[in-house]
Every structure is written in structure tokens, then in C-alpha cells.
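[1] the following comprises the amino acid sequence and a computationally predicted model.
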Amino acid sequence: MLAILLATIVLHLTDLIILFISTCANAWRTDGVRNYHLWYDCTQKNGEADCSGTSDADWLQAVQALMVLATIFCLISFIFFLCQLFTLVKGGRFFFTAVFQVLASLFVMSGAIIYTVMSPEMKNENDAYGYAFVLAWLAFPLTLISGFIYIVLRKKE
Amino acid sequence: MPSGLIPFPFHLFSFHHPSLSRNPSHTDLRGEQREIMLSVLALTSVVLLGIASQTTAIVVYTSWERHALVGTDVRLSCSFFSWQWTSPDVTFSWHYRPDGAKEAISIFHYAGGIPYVDTKGPFRDRMEFVGNPSRRDGSILLKNVDFADNGTFTCDAKNPPDIAGSPSHVRLFVFEKVPVQAGVITGAIIGVVLGLLILIVAIYYLMRFLVARRVFSLSMSKHGRKGKGKEGSQQKQALAVTDPAKLKAAASEKKKQESRREKK
């Protein structure tokens, strides 16, 4: 039982860390020389960084909002989990934790889908998706699995 | 005494020493010290203000950037801060440097109470003076802006004898379609979702509170009636009961039902 609890906590923390990195690291697309999206666009010029905010495209702002919301909900669900661990009646289900975790996974899914569909075309061969994009897509199934585990999990009698 | 000095309210500080009439006790000495300190502070601030009014320069304020749609009117505001009173010889002048050009041209000048508007340059017949120099406002209005008006506008104000100071720039951006500012949509989505979340949580707790207080019964009581008929009749009775002890017992009964249901 303790092993399951530890594994669940580790999975949740991993989700949280992945979401944080994906939201905060500015590397959703890469150009070979520079990483850009989600927040700003910096080019290295002779050792100096020339930064500008990303274009105010509507879809990009929506992706920003969804990623931030997913991170917030994952954090809230973790806090709820710790709370419910001590206050839930024996045999009770971690209902709120599951709800927030599943919502977080839905937000991450929406954000990743919107970004995939709307991101600009790859022009040269150096254009590729960055690591933050990969992490976002990774976070979606992990949070979903974590959410389902919380739905099934019960506090031991 | 330099003219235009802010009159200091000397009357607020009295040099009246009440302690001299009585035997000087410990607390009276402290009061005396405090008064002396306050008067020294007042004198120093007066002296500093006097010096400051001679050494600080005039500060001109304009916006940082202005965004406008093609064909609309743009008001470029310019104001200044100066320690001297507003003199009747106050002057405002506006210069314009188009995007990509090296030199700035003069497009507006206000001196001796008369505004001189550009009649030969790019803004002829399109500029109007809408400022109020006696209130330190030297704003101009550009009508029907076009893409060629993109550039940097510089406002320079002088308030004799306060003339040392640097002018201030405002950049004009003319758009075909005003873009959504960075972060507006982001903030809106996050705000709405979090607001809904807080609202749902608040409503949930409110409902639980109301149901526990028997203000009204929800469909949850149906499960109680299915399992135990006695409880159902007990609930019906409880609606008419005002005895707080019985209310408490009923509430705890309800909680036991909920926990039993959760266990299932």
C-alpha cells in the first residue's frame, strides 16, 4: 500500500515538474539558432541576445493561458491530495484530486493541440519542435493516468 | 528669497515651551528635545527646497508610444513639471522625425501666448493645438493619420527661468487593424477559468451548508428515503422543527448517512 502511495506521489510530482518546465521554458519551436515560443523570441547576435515579445497572435495567447491553467490545476490537485490524505474518511475516494488532475490534463491537451494545429509552417530543415513542446505532449497522458488513478484509489480502511 | 518658493507653513510649528513654567521632569525634557528636532527638520527641509528649486531642471512628460488606426485622430499629450510658477513666456515645441529618417523637422511652436501650427510640412491642415499652456499642457491633435505618419514626435517645453531639461519622445504607430495587446487574451482566459472555479467551490460549500441547516432538502434525501423509511419521515418532521438541539442531531445523522454512502 505504501508503495502505491509513493508511486502515485512520484507520478504526480513528475507531472507537476514537466508542466512547469513546459510552461516556463521558452522552447516550443527551435530554429537551429534560437528557441522561441511560448513567451518571447530571442536571437543570439554576436553573443548578445536580441529579444522581442512573441507576436500577439490570439492562438498563442490561448496556448499560454491553457498551459498556465494546467500547471495551476495540477498544483491545486496536489495540495488537495495532501489535504484529503489526512482528512478523508476511511475507504473514501480522492474525488477532488481526481477532478483537478483530469481538468489539468484536458487543459494541457487543448493547449498542445492548438499549438500543433496553428503553429507556423516549417520553412527550412533546421526548423523543429523544441523540447518544451514534447514535454507538453508527454504531460497530457501522464496527468490523465494520474487522474484515473485518483478516481480508482481509495483510502485504506 | 527666490521667487516662486512654496510658502512654508511656519504657523504649524510654535516655539512655545510649556516645560519652562514647571519643574523640568524627565518627560518634559524629552518633549523639549522633540520640539527642537522638529524645528531643525523644518528648517533643513526649507533650505533643501530652496536649493532644489534652483538646481533641478524642467521635466517634460509625454506618452511612451501611441497606437492608432489609419484615418483616426491622435492626441499627442505633453506636460511638464517645474519648480517655478508657470511663466507667461512658457514655450512648447514639437518636432517630428519619420521612421528611417535621420533629421527631425519642426512642426509646432507655441510662444508668447500664440500657437504656430505647421503650414508647409507634412501636417499642414491636419494639426490642431488642443493644449492649455497655463495648465502646463502642450498637447496637439493630429487628424486623419496615415502610414506615412509613423515616426517619433519630440516635445520640448521651456518655462523661463527654468529652461534646462531634456525633451521627451513619443512614438506613433499607425495600424490597419489594432492588434490585440500582449497578454490580454491570456489574462482573460486565466481569470475567467479561475473565477468559475472559485464560484463553483463557493456554491458547493454554500449548498452543503444550506442542506445541513435544513433550509431546503435536495435530491440527496431521496437516497435516505429509499434505504430507511423512518429517516424519511424524520426528515419531514425536522422541517417544521425549530429546536436547535434537534437540528444538531439531525445534521449529525445526515453526516453519518453521507459517510456510509461514501463507504459503499
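    Nice, thanks for sending it over.

[2] what ranges does the stretch 51-200 of chain B have for its helices?
    B:184-212 (DSSP state H, counting those that start in this stretch).

[3] where does it have low pLDDT?
    B:52-56, B:178-180 (pLDDT under 70).

[4] buried set for stretch A:24-37?
    In terms of neighbour count (16 or more other Cβ atoms under 10 Å in any protein chain shown), stretch A:24-37 has its buried residues at A:26-31, A:34-37. Using the backbone N, CA and C atoms, a C-beta is placed for each residue, glycine as well.

[5] what is the nearest of the residues you listed to residue A:57?
    Nearest to residue A:57 among the buried residues of stretch A:24-37, counting by Cβ to Cβ, is residue A:37 at 10.1 Å.

[6] right, and that closest one touches residue A:31 too?
    No. Using Cβ atoms under 8 Å, residue A:37 is not in contact with residue A:31; the gap is 10.3 Å.

[7] can you map out the strands along chain A?
    A:29-30, A:35-36, A:40-45, A:48-53, A:128-129 (DSSP state E).

[8] ranking the ones you listed by mean pLDDT, which is last?
    Lowest mean pLDDT within the strands of chain A: strand A:48-53, a mean of 64.

[9] which parts of chain A sit against chain B?
    A:53-54, A:56, A:58, A:61-62, A:64-66, A:68-69, A:72, A:89-93 (Cβ under 8 Å from any Cβ of the partner chain).

[10] now the terminal residues of stretch B:146-155, how far apart.
    21 Å (Cα to Cα, to the nearest Å).

[11] can you pull up the bridge partners for residue B:81?
    With beta bridges defined as DSSP bridges, residue B:81 has these partners: residue B:59.

[12] mind listing what it touches?
    B:58-59, B:61, B:136 (Cβ atoms under 8 Å, 6 or more residues apart in numbering or on different chains).

[13] just the buried ones from the residues you listed, in PyMOL syntax?
    The buried residues among the contacts of residue B:81 can be selected in PyMOL (16+ other Cβ under 10 Å) with this line:
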select buried, chain B and resi 58+136
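
[14] make a markdown table out of the contacts of residue B:81 and add distance to residue B:163.
    A markdown table is the format used below for the contacts of residue B:81 (distance: Cβ to Cβ, whole Å):
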| residue | distance to residue B:163 |
| --- | --- |
| B:58 | 7 |
| B:59 | 13 |
| B:61 | 17 |
| B:136 | 15 |
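
[15] please list the residues outside stretch B:129-148 that contact it.
    With Cβ under 8 Å, 6+ apart, stretch B:129-148 has contacts from B:68, B:70-82, B:86, B:90, B:92, B:94, B:98, B:108, B:110, B:113, B:115, B:117, B:122-123, B:126-128, B:149, B:155, B:157, B:172, B:174.

[16] keep only those of those residues that are in strands.
    B:68, B:74-76, B:78-81, B:92, B:94, B:98, B:108, B:110, B:115, B:117, B:127-128, B:155, B:157, B:172, B:174.

[17] filter those residues down to the buried ones.
    By 16+ other Cβ under 10 Å, those give B:68, B:74, B:76, B:78-80, B:92, B:94, B:98, B:108, B:110, B:115, B:117, B:127-128, B:155, B:157, B:172, B:174 as buried.

[18] separation between the nearest residue to residue B:66 once chain neighbours are set aside and chain A?
    Counting by Cβ to Cβ, 6 or more residues apart in numbering or on different chains, residue B:172 is the residue found nearest to residue B:66 once chain neighbours are left out, at 5.2 Å. To chain A, residue B:172 is 19 Å away according to Cβ to the nearest Cβ, to the nearest Å.

[19] can you check residue B:74 too?
    20 Å.

[20] what score does the closest residue to residue A:85 other than its chain neighbours have for pLDDT?
    The shortest distance from residue A:85 to any non-neighbouring residue, by Cβ to Cβ, 6+ apart, is to residue A:155 (7.6 Å). The model reports residue A:155 with a pLDDT of 74.

[21] which ones are touching residue A:155?
    A:84-85, A:88-94.

[22] any idea of the pLDDT on residue B:19?
    46.

[23] just residue A:55 next, same as before
    The score at residue A:55 is 65. That number is its pLDDT.

[24] same deal with the one 3 residues further on?
    Per-residue confidence for residue A:58 comes out at a pLDDT of 83.

[25] my guess is it meets residue B:183, correct?
    No. Checked against Cβ under 8 Å, the pair residue A:58 and residue B:183 is beyond contact range at 11.8 Å.

[26] okay, the two: which has more neighbours?
    residue B:183 (15 against 12; other Cβ atoms under 10 Å in any protein chain shown).

[27] ok, and the closest non-adjacent residue to that one?
    Nearest to residue B:183 is residue A:61, by Cβ to Cβ, 6+ apart, at 6.8 Å.

[28] same check on residue B:61?
    Here the residue nearest residue B:61, using Cβ to Cβ, 6+ apart, is residue B:79, at 4.8 Å.

[29] so who does the one you found touch?
    Contacts of residue B:79 (Cβ under 8 Å, 6+ apart): B:60-62, B:136-139, B:157.
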